[in-house]
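K.L.:
Using only what follows, build the 3D model:
(chains A and B)
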Number of protein chains: 2
Amino acid sequence: MVRLPSALEIVLHELRRLPGVGRRAAERLALHLLEAPAEDALALARAIEQLRHEVHACKVCGNFTDAELCSICADERRATGQLCVVEKPSDLWAFEQAEAYRGRYHVLGGTLSPLAGVTADDLSIAALENRIASEQIKEVILATNPSVDGDATAIYLAHRLAALGVKITRIAQGVPLGGHLDYADAGTLKLALEGRRPLD
Amino acid sequence: MVRLPSALEIVLHELRRLPGVGRRAAERLALHLLEAPAEDALALARAIEQLRHEVHACKVCGNFTDAELCSICADERRATGQLCVVEKPSDLWAFEQAEAYRGRYHVLGGTLSPLAGVTADDLSIAALENRIASEQIKEVILATNPSVDGDATAIYLAHRLAALGVKITRIAQGVPLGGHLDYADAGTLKLALEGRRPLD
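P.N.:
Purely as a prediction, here's the structure:
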């Protein structure tokens, strides 16, 4: 085998850490980055740096934004009274792309995961409790992933939020068990929202 | 639809320019770059910049290298007397990964393409003629892609190099017509090399 320049080995290593990029795909991407005009490859590098410098979490809901509030929190036409609680911004995007929900969101930042050392204090739960009070929320829709950790987190939240006198629902098991929300198609996401039921 | 931060729109645009990356894949990659630790995302950006700053063409064959000579040209164990002429370094890599060839290479830098304004002067053909003389080459294997432009370039080279008294062969049509060398599997590449025949 041909010995690769070390800068190329490094790029291959970094590309393979991306989701869905295997050995062959990383090679094709790396070769493209070498064979494309330098300004194109460097534009991608700069875009990634700009992304991480400018984009951060919305201070209210945790969605990605380059302003203080994300475009959803800043949109006065969005319905109030409901919060759709998701693990990550990518789950929020999946609902938005399905146009399945017109209310507001709350991003937890993950799930409870005792094995990984993630406790309730590591998630945006206190902020969620504050929003339920200050925004006069009537319903909290628990839209964590239908996984062991996502279900456990939903059950934990249902217990913890019960005292606040808010209706707590869980999206229906229309989403395939063991799957991930941001892979689901629009129809599945709509069914999951429509089929939500009180968590007891 | 949610309005995206402009830095995110830019990253999505740049990611979609990569080969094999569609809208959905670009979104998943962009979200990963946002949700991953910042050092991981920035490591990829820096790796791309380092790649374009350190890696350049081998001054003999045109393969990618971070030194003056690429690892193949610098390897004294590689057979001399034969040159495998390819369009791009990615084609060279495909042969190397198939372990189908133990000689040396020459990268043209593309194909003749009158419509795109690529003439013989834009390709590394004068350097190829010099190498045939100075390296006492006995055989030139034309391994341009089995495409209209690749075939035309092979025929052009066969005519132009005929006066140099070197044996000129073309890889066999074991590679699927209209395909690209760097997608071919190892077996196909080996068959194509073994089945090469004089171009008349």
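K.L.:
all contacts plus neighbour counts: C-alpha atoms, from now on.
P.N.:
Noted.
K.L.:
can you pull out the strands in chain A?
P.N.:
Ranges of strands in chain A, per DSSP state E, are A:56-57, A:64-65, A:82-86, A:104-107, A:139-142, A:167-170, A:197-198.
K.L.:
any chance of those in JSON lines, plus mean pLDDT?
P.N.:
Shown next, in JSON lines, are the strands of chain A (pLDDT from 0 to 100):
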{"stretch": "strand A:56-57", "mean pLDDT": "94"}
{"stretch": "strand A:64-65", "mean pLDDT": "94"}
{"stretch": "strand A:82-86", "mean pLDDT": "95"}
{"stretch": "strand A:104-107", "mean pLDDT": "97"}
{"stretch": "strand A:139-142", "mean pLDDT": "94"}
{"stretch": "strand A:167-170", "mean pLDDT": "93"}
{"stretch": "strand A:197-198", "mean pLDDT": "74"}
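K.L.:
could I get those as JSON lines with mean neighbour count and distance to residue B:49?
P.N.:
JSON lines is the format used below for the strands of chain A (neighbours: other C-alpha atoms under 10 Å in any protein chain shown; distance: least, C-alpha to C-alpha, whole Å):
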{"stretch": "strand A:56-57", "mean neighbour count": "19", "distance to residue B:49": "24"}
{"stretch": "strand A:64-65", "mean neighbour count": "24", "distance to residue B:49": "26"}
{"stretch": "strand A:82-86", "mean neighbour count": "24", "distance to residue B:49": "35"}
{"stretch": "strand A:104-107", "mean neighbour count": "25", "distance to residue B:49": "33"}
{"stretch": "strand A:139-142", "mean neighbour count": "23", "distance to residue B:49": "42"}
{"stretch": "strand A:167-170", "mean neighbour count": "21", "distance to residue B:49": "46"}
{"stretch": "strand A:197-198", "mean neighbour count": "13", "distance to residue B:49": "51"}
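K.L.:
which one of the ones you listed lies closest to chain B?
P.N.:
The closest of the strands of chain A to chain B is strand A:64-65. By C-alpha to the nearest C-alpha, the value is 5.6 Å.
K.L.:
That closest one vs chain B: in contact?
P.N.:
Yes. Applying C-alpha under 8 Å from any C-alpha of the partner chain, one finds strand A:64-65 touching chain B at A:64, A:65.
K.L.:
Then stretch A:22-42?
P.N.:
Yes. Stretch A:22-42 lies within reach of chain B by C-alpha under 8 Å from any C-alpha, at A:28, A:29, A:31, A:32, A:33, A:34, A:38, A:41, A:42.
K.L.:
Going through the residues you listed, which ones are buried?
P.N.:
A:28, A:29, A:31, A:32, A:33, A:34, A:41, A:42 (16 or more other C-alpha atoms under 10 Å in any protein chain shown).
K.L.:
Tell me which of the residues of stretch A:22-42 next to chain B fall in helices.
P.N.:
A:28, A:29, A:31, A:32, A:33, A:34, A:38, A:41, A:42 (DSSP state H).
K.L.:
of these, closest to residue A:148?
P.N.:
Nearest to residue A:148 among those, counting by C-alpha to C-alpha, is residue A:29 at 34.7 Å.
K.L.:
Contacts only, for that closest one.
P.N.:
The neighbours of residue A:29, taking C-alpha atoms under 8 Å, 6 or more residues apart in numbering or on different chains as the test, are A:15, B:18, B:19.
K.L.:
picking up where we left off before, what would the buried ones among the residues of stretch A:22-42 next to chain B look like in a markdown table with distance to residue A:190 and pLDDT?
P.N.:
Output for those, formatted as a markdown table (distance: C-alpha to C-alpha, whole Å; pLDDT from 0 to 100):
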| residue | distance to residue A:190 | pLDDT |
| --- | --- | --- |
| A:28 | 37 | 90 |
| A:29 | 35 | 95 |
| A:31 | 41 | 91 |
| A:32 | 39 | 93 |
| A:33 | 39 | 96 |
| A:34 | 43 | 93 |
| A:41 | 39 | 96 |
| A:42 | 40 | 97 |
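K.L.:
Make a markdown table out of these and add distance to residue A:105.
P.N.:
Formatted as a markdown table, those follow (distance: C-alpha to C-alpha, whole Å):
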| residue | distance to residue A:105 |
| --- | --- |
| A:28 | 38 |
| A:29 | 35 |
| A:31 | 41 |
| A:32 | 39 |
| A:33 | 38 |
| A:34 | 41 |
| A:41 | 36 |
| A:42 | 35 |
